[in-house]
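K.L.:
based on what follows, work out the 3D shape:
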Amino acid sequence: FRARYKVRDHIDAASFYYTWFFGTATHVAEISCGSKATSIAYMLTLQYDSMVSEDEEYPNENIQKILPCSHHLHDDDRLGQANDLVYAMNHVTGKREIAYHSNPKKLVVGDLVQCHYQVKHI
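P.N.:
From the prediction side, this is the model:
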């Protein structure tokens, strides 16, 4: 799953922006949703790489399920290699969205990368 969070801008402390965090569902519980008896929703416990866990109701506009590779229909070849695209399902709109590009040899804007830096003390 991926969850959209509002985070503070590190350069301008008065500004905020939205970004996606990727997590693993460690617990799923079915809950009733709204006034319709047929409406089904789930309470997800998502665990992130930092080992922080958050409970999130799903579906909602800020939670998207990452689709398994077998659901990657090759109708969107904007990056030239549709096989490298990983999609997320927006269950509110019913549309697939590109979550990230999975080929580490072809970096494009929006790819997930891990960055480490070392501060040299003088």
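
K.L.:
any regions of the chain where pLDDT drops low?
P.N.:
Along the chain, segments meeting pLDDT under 70 span 33-38, 69-83, 104, 107-122.

K.L.:
strands along that one, start to end?
P.N.:
Secondary structure of the chain (DSSP state E): strands located at 2-8, 16-22, 24-32, 40-47, 53-58, 63-66, 85-90, 95-101.

K.L.:
helices or strands next to the fifth one in the packing?
P.N.:
Going back to what we said before, that points to strand 53-58. Contacts defined by 3 or more C-beta pairs under 8 Å, 6 or more residues apart in numbering; DSSP states H and E place strand 53-58 against strand 40-47, strand 63-66. Every C-beta, even on glycine, is put in place using the N, C-alpha and C of the backbone.

K.L.:
circling back: make TSV out of the strands of the chain and add mean neighbour count.
P.N.:
Output for these, formatted as TSV (neighbours: other C-beta atoms under 10 Å):
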stretch	mean neighbour count
strand 2-8	13
strand 16-22	13
strand 24-32	11
strand 40-47	16
strand 53-58	14
strand 63-66	20
strand 85-90	18
strand 95-101	16
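
K.L.:
can you spell out which residues form a bridge with Phe22?
P.N.:
Arg2 (DSSP bridges).

K.L.:
my guess is it contacts Lys65. True?
P.N.:
No. Checked against C-beta atoms under 8 Å, the pair Phe22 and Lys65 is beyond contact range at 11.4 Å.

K.L.:
what is in contact with those two at once?
P.N.:
Common contact partners of Phe22 and Lys65 (C-beta atoms under 8 Å, 6 or more residues apart in numbering): Phe1.

K.L.:
just put the helices and strands packed on strand 53-58 in TSV and tack on distance to Tyr5.
P.N.:
Formatted as TSV, these follow (distance: least, C-beta to C-beta, whole Å):
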stretch	distance to Tyr5
strand 40-47	11
strand 63-66	11
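
K.L.:
out of those, the one nearest Glu54 is which?
P.N.:
Counting by C-beta to C-beta, Glu54 lies closest to strand 40-47 out of these; the figure is 5.5 Å.
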